[in-house]
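Asks: coords below, sequence missing:
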């Protein structure tokens with residue numbers, strides 16, 4: 001299919017379509033073809049200024065803006081301080097810039113119920129496949145870039161860099177050249193400028209595309225056996241049932257689906273998938289650390305994937321009424337109801353004056369309703385409460401004695417009995 005045919009295939013029935021334009025030959029070619037195919041009124045150009053190259057980056061933004069004015073196309077500028085974001089995320093500038101751009105594209109596409117067109121071409125596809133191979137990808141990684149990936153469409157994917165250069169010359173299209181494209185310190189530039197030319201000296205790099213097509217067929221077949229409905233969303237974690245790990249090929253697909261749902265899709269390597277799959281046969285509580293603060297852990301009958309969150313420090317005074325606590329609200333109210341399952345109703349007079357609402361601490365003990373005193377840690381284990389949740393469950397405590405575990409159980413020491421005069425109910429809602 002030609003670039004125009006691909007554009008019409010996805011954007012013909014859309015009232016608006018976005019195009020990611022950097023100002024380079026690829027994206028300027030795409031913009032030119034899109035205007036001829038759809039008309040200028042239907043197009044919004046999305047340009048991201050990354051804050052990496054100083055004045056040169058600002059000049060590129062001005063170039064794209066002027067080009068849009070000449071074409072009568074709407075121009076939207078998005079600015080970022082990628083170096084500052086990298087210092088927080090610990091990602092490379094390449095990865096951080098890509099993530100930022102795609103977040104912009106995804107937001108635009110969702111808000112406008114449309115697609116965003118990008119200028120990736122056939123040579124970019126080769127680079128992507130080779131990059132994945134060298135990072136030790138799974139078969140899924142060999143698929144590389146696709147014509148349509150969610151809200152992203154790549155009309156030039158079957159067009160070579162040489163064909164784009166010819167189109168630019170024949171149509172008199174102005175473009176800018178990013179000086180960093182020649183800097184081989186960046187992984188993709190090293191592939192483009194060094195490795196692939198070396199491969200082409202002795203081999204045909206188009207073989208990478210044939211490998212990708214074979215991998216795609218394999219992927220489509222295996223994915224027929226993967227039911228994403230099996231993956232459970234539990235607050236901010238995604239749980240893959242242990243039964244999904246019976247077959248290695250299928251298990252890896254479930255893990256990749258869970259990664260994507262959890263937001264961990266960039267910088268994912270086959271070793272990460274293998275490590276997560278191995279958790280299925282480990283003891284409960286075992287966990288591994290993944291890039292970008294993600295965690296995978298064995299949780300009883302599941303393998304959980306989630307973003308690690310630092311344990312909060314939060315202590316509030318206990319009392320009647322409403323008390324904001326961490327990300328929720330504690331409500332303590334008087335009640336005439338009898339104790340019943342699902343409600344934490346207790347004897348108000350049995351609560352010590354210095355009781356506080358907090359999260360668990362070392363040394364905490366708890367005497368469950370009609371049970372024996374035990375460490376709070378052991379109580380959580382008995383209740384099969386996942387480790388990732390234990391630091392975020394509010395408790396009512398007096399020193400190290402736990403009087404109540406929010407939304408779970410109250411201590412035998414504060415239960416209602418025949419001598420109870422006043423009853424309170426404890427409610428915690430996020």
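Replies: Arrived safely, thanks for sending. As the structure is a prediction and not an experimental result, all values here were calculated from the model.

Asks: buried stuff in stretch 304-323?
Replies: 304-306, 318, 323 (16 or more other CB atoms under 10 Å). Using the backbone N, CA and C atoms, a C-beta is placed for each residue, glycine as well.

Asks: any idea how far residue 194 lies from residue 186?
Replies: 11 Å (CB to CB, to the nearest Å).

Asks: who has more neighbours out of these two?
Replies: residue 186 (16 against 11; other CB atoms under 10 Å).

Asks: got the domain boundaries for the chain?
Replies: For the chain, automatic domain parsing gives the domain ranges 3-219, 226-307, 315-429.

Asks: now mean pLDDT too, for these, in a markdown table please.
Replies: A markdown table is the format used below for the domains of the chain (pLDDT from 0 to 100):
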| stretch | mean pLDDT |
| --- | --- |
| domain 3-219 | 90 |
| domain 226-307 | 90 |
| domain 315-429 | 95 |
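
Asks: now do residue 388: how many residues are near it, please.
Replies: Neighbours around residue 388, by other CB under 10 Å: 20.

Asks: chain center to the strand or helix carrying it: distance?
Replies: Assigned by DSSP states H and E, residue 388 belongs to helix 387-390. Mean-position distance between helix 387-390 and its chain equals 21 Å (CA atoms, centre = their mean, to the nearest Å).

Asks: which outside residues touch that helix?
Replies: 235, 237, 285, 287, 295, 297, 299, 304, 306, 360, 377, 380 (CB atoms under 8 Å, 6 or more residues apart in numbering).

Asks: going on from that helix, what's the next piece of helix or strand?
Replies: Helix 387-390 is succeeded, C-terminally, by strand 395-398 (DSSP H and E).

Asks: report the central residue of this protein.
Replies: In the chain, the residue lying closest to the centroid (CA atoms, centre = their mean) is residue 263, at 1.2 Å.

Asks: rewinding a little: got JSON lines for the contacts of helix 387-390, with distance to residue 347 and secondary structure too?
Replies: Formatted as JSON lines, those follow (distance: CB to CB, whole Å; DSSP: H, G, I helix; E, B strand; the rest coil):
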{"residue": "235", "distance to residue 347": "32", "secondary structure": "coil"}
{"residue": "237", "distance to residue 347": "36", "secondary structure": "strand"}
{"residue": "285", "distance to residue 347": "35", "secondary structure": "coil"}
{"residue": "287", "distance to residue 347": "40", "secondary structure": "strand"}
{"residue": "295", "distance to residue 347": "40", "secondary structure": "strand"}
{"residue": "297", "distance to residue 347": "38", "secondary structure": "strand"}
{"residue": "299", "distance to residue 347": "35", "secondary structure": "strand"}
{"residue": "304", "distance to residue 347": "37", "secondary structure": "strand"}
{"residue": "306", "distance to residue 347": "38", "secondary structure": "strand"}
{"residue": "360", "distance to residue 347": "23", "secondary structure": "coil"}
{"residue": "377", "distance to residue 347": "26", "secondary structure": "helix"}
{"residue": "380", "distance to residue 347": "24", "secondary structure": "helix"}
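
Asks: same list, those residues, but as TSV with distance to residue 419 please.
Replies: Below are the contacts of helix 387-390 laid out as TSV (distance: CB to CB, whole Å):
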residue	distance to residue 419
235	39
237	43
285	41
287	46
295	47
297	45
299	41
304	44
306	45
360	30
377	32
380	31
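
Asks: just the buried members of these?
Replies: 237, 287, 295, 297, 299, 304, 306, 360, 377, 380.

Asks: wait, doesn't the second one sit right on residue 296?
Replies: Right, the one you point to is residue 287. Yes. Between residue 287 and residue 296 there is a contact at 6.5 Å, judged by CB atoms under 8 Å.

Asks: okay, and the common contacts of those two?
Replies: Joint contacts of residue 287 and residue 296 (CB under 8 Å, 6+ apart) are residue 279.

Asks: one step back: which of the contacts of helix 387-390 sits closest to residue 254?
Replies: residue 304 (12.5 Å; CB to CB).

Asks: do you know how far the residue nearest to the closest one when sequence neighbours are not counted is from residue 318?
Replies: Leaving out its chain neighbours, the residue that sits closest to residue 304 by CB to CB, 6 or more residues apart in numbering is residue 237, at 4.7 Å. Distance from residue 237 to residue 318, counting by CB to CB: 30 Å.

Asks: compute the first-to-last residue distance for stretch 293-313.
Replies: 20 Å (CA to CA, to the nearest Å).

Asks: ignore the last one, stretch 33-46
Replies: Termini of stretch 33-46 sit 16 Å apart (CA to CA).
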